[in-house]
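Trainee: No sequence on hand, only this structure:
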């Protein structure tokens, strides 16, 4: 029999070395006893198992702290970056409630956009993104009924500083509603892109005349379509049954046949119309432009590239468009609201290039800062910023010229200045001559020309200067005082200048500057 350690299945392999190295005589004596041999091997196996258990426990006791130590190290490395992150300063700043309220409201501007799915709301949202400067300037876009109600909100709703509206809406408020002093109370900052009139109907409606007597949705009350759409149908003399529904509901009723058409005034393209599926049985109805729309509207069109499922391939559909504006209230210069809107306007012109970035709304590229709006007045701050930008664009053209060209331009300017001064002198000499005397007699000695001057002096003596009559005003100025003392300035706004509460004021009657500790809740 071979040695137990040489047998791969020998149970002695599990025994300790001391047991495997026992003398051969002991191995021999055990082998001669069958029952003792079995007991011997069972005993040695138990000893070996106990010894392995002790070693395993010892290894486990050493391994557990090591594993815990490694886990703690890894955990520290994983958690460390989380502790390294910082909370935005706008959230971690503390202070009293009064200080936080003052900081949050000091430079916050509310901009009324329109309906959530409209182009005007996209403009308001991107204004908030681009112009955001933390506590220095915060723009809050406001979802509203639409462009028509926006002008109402700018006049009377608190916390509304700028709005997206349209030129025809301004004219309606001025002529139909007869809002007092509207031209001085509402000004504009920039002219926005055109808004086209979308008239969506079933394919059996070929023209706007086919809608006579039928049910047409003009959008929700206060939207641009509720006013502009109504004006268009009135001017064309097409009487319909108007309903005021939200656009999603109107589209469903149009598909089911409950409506004959829906009207929406919005800048193209808009997903509401672009996502109409093909073969829907709907199309855009043309609205021909004529001289009855020449006052506040212009010609527009839709193409198959803009609305491939509503316009036949390669064709165009005529419509009417209306200019849109970014309007502000003309706050007096001694009010906090003026300085908030001023900072908003300055940031808009300063960061204008950011609105042309590729991810911004494509309609921003159609905006010309220098474009005017007939019947409107540009706000003084916007006019100032526009003038600065124009001067800045013109100055580099001269500074980049060579030195010789700049000197030549300077000499030309001096010559022009001399010519202008000489022309003014000749004009003044002609004006001093008596009437009826030809210019060639200007060389007559000066003593002869003194005769008309003496005659004019006699005429001045015969017609004494008229004195101002009591109670008359001099070129729009304050009434003269008969006692010679300066008249007292009125301390209260004149009747008719403020309409509908605190927001109805104008620059003629400025508001008082809010005193420290007073709350703005009482009015705009």
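Mentor: It's in. Remember, it's a predicted structure, so these values are computed and weren't measured experimentally.

Trainee: which residues in the stretch 51-200 of the chain form strands?
Mentor: In the stretch 51-200 of the chain, strands defined by DSSP state E, counting those that start in this stretch lie at 108-114, 138-143, 162-166, 186-202, listed in chain order.

Trainee: Relative to residue 155, which of the ones you listed is closest?
Mentor: strand 186-202 (7.4 Å; Cβ to Cβ). Bear in mind the C-beta positions are built from the backbone N, C-alpha and C, glycine included.

Trainee: which of the residues in the helix or strand just after that closest one are buried?
Mentor: Using DSSP states H and E, the helix or strand that follows strand 186-202 in sequence is strand 215-217. By 16 or more other Cβ atoms under 10 Å, the buried positions in strand 215-217 come out as 215-217.

Trainee: Residues contacting the helix or strand following strand 215-217, please?
Mentor: The helix or strand immediately downstream of strand 215-217 is helix 224, counting by DSSP H and E. Contacts with helix 224, where a contact means Cβ atoms under 8 Å, 6 or more residues apart in numbering, come from 114, 146-148, 166, 169, 195, 265-266, 322.

Trainee: cutoff 6 Å now
Mentor: Outside helix 224, the residues that touch it by Cβ atoms under 6 Å, 6 or more residues apart in numbering are 146-148, 166, 265.

Trainee: and of these, the nearest to residue 283?
Mentor: Distances from residue 283 to the contacts of helix 224, taken by Cβ to Cβ, are shortest for residue 265, at 18.1 Å.

Trainee: if I look at the nearest residue to the closest one once chain neighbours are set aside, how far off is residue 163?
Mentor: Excluding its sequence neighbours, the residue lying closest to residue 265 (Cβ to Cβ, 6 or more residues apart in numbering) is residue 224, at 4.0 Å. Per Cβ to Cβ, to the nearest Å, residue 224 is found 12 Å from residue 163.

Trainee: Poorly predicted segments of the chain, please.
Mentor: In the predicted model, the chain carries pLDDT under 70 at residues 1-85, 88-94, 393-407, 411, 420, 422-524.

Trainee: Now do the domain split for it, please.
Mentor: Listed by automatic domain parsing, the domain ranges of the chain are 4-64, 109-391.

Trainee: So what would you say the end-to-end distance of the longest one is?
Mentor: Domain 109-391 has an end-to-end distance of 28 Å (Cα to Cα, to the nearest Å).

Trainee: Looking at the strands of the stretch 51-200 of the chain, which one is packed in the most?
Mentor: strand 162-166 (a mean of 29; mean count of other Cβ atoms under 10 Å).

Trainee: residues contacting residue 306?
Mentor: 268-269.

Trainee: So it, which state does it fall into?
Mentor: Secondary structure of residue 306, reduced to three states by DSSP: H, G, I helix; E, B strand; the rest coil: coil.

Trainee: re earlier: any chance of the strands of the stretch 51-200 of the chain in JSON lines, with distance to residue 334 too?
Mentor: Below are these laid out as JSON lines (distance: least, Cβ to Cβ, whole Å):
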{"stretch": "strand 108-114", "distance to residue 334": "18"}
{"stretch": "strand 138-143", "distance to residue 334": "23"}
{"stretch": "strand 162-166", "distance to residue 334": "20"}
{"stretch": "strand 186-202", "distance to residue 334": "17"}
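
Trainee: Can you get me a residue count around the residue nearest to residue 265?
Mentor: Residue 224: 32 surrounding residues under other Cβ atoms under 10 Å.

Trainee: what is the nearest residue to residue 378 once chain neighbours are set aside paired to in the beta sheet?
Mentor: Nearest non-adjacent residue to residue 378, counting by Cβ to Cβ, 6+ apart: residue 188, 6.0 Å away. Counting by DSSP bridges, residue 188 is bridged to residue 327, residue 378.

Trainee: ok, residue 188 - contacts?
Mentor: Here residue 188 is in contact with 325, 327, 373, 376, 378 (Cβ under 6 Å, 6+ apart).

Trainee: Also residue 289?
Mentor: 299, 320.

Trainee: Now do the same for it: helix, strand or coil?
Mentor: Strictly by three-state DSSP, residue 289 counts as coil.

Trainee: Quick check: it vs residue 232, distance?
Mentor: 11 Å.

Trainee: Touching stretch 119-133 from outside, list them.
Mentor: Contacts for stretch 119-133 (Cβ under 6 Å, 6+ apart): 111, 113-114, 137, 139, 141, 164, 266-267, 347, 351, 354, 360-361.

Trainee: most packed of the domains of the chain?
Mentor: Buried most deeply of those, by mean count of other Cβ under 10 Å, is domain 109-391, with a mean of 18.

Trainee: how long is stretch 358-369 end to end?
Mentor: Per Cα to Cα, stretch 358-369 runs 19 Å from first to last residue.

Trainee: Can you list the residue ranges for helices in the stretch 51-200 of the chain?
Mentor: For the stretch 51-200 of the chain, the helices defined by DSSP state H, counting those that start in this stretch cover 89-92, 97-106, 119-131, 147-156, 167-175, 182-185.

Trainee: Same list (those helices) but as a markdown table, adding distance to residue 261.
Mentor: What follows is the helices of the stretch 51-200 of the chain, written out as a markdown table (distance: least, Cβ to Cβ, whole Å):
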| stretch | distance to residue 261 |
| --- | --- |
| helix 89-92 | 48 |
| helix 97-106 | 45 |
| helix 119-131 | 21 |
| helix 147-156 | 20 |
| helix 167-175 | 20 |
| helix 182-185 | 32 |
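
Trainee: for these, which one sits closest to residue 282?
Mentor: helix 119-131 (20.6 Å).

Trainee: Now do that closest one against strand 186-202, angle only.
Mentor: 130 degrees (axes from the mean of the first three to the mean of the last three Cα atoms, to 10 degrees).

Trainee: Could you find the closest non-adjacent residue to residue 363?
Mentor: residue 193 (4.6 Å).

Trainee: still on that earlier bit, ok, the contacts of helix 224 vs residue 368, which is closest?
Mentor: residue 166 (17.0 Å).

Trainee: doesn't residue 147 make contact with the closest one?
Mentor: Yes - between residue 166 and residue 147 there is a contact at 5.1 Å, judged by Cβ atoms under 6 Å.

Trainee: Please, which helix or strand holds residue 242?
Mentor: Short version, using DSSP H and E: residue 242 is in strand 241-243.

Trainee: so what strands line up beside that strand?
Mentor: Here, using DSSP bridges, strand 241-243 pairs with strand 215-217 (parallel).

Trainee: Need the residues that contact the partner strand.
Mentor: Contacts of strand 215-217 (Cβ under 6 Å, 6+ apart): 240-241, 243, 245, 250, 259-262.

Trainee: Lovely, talk soon.
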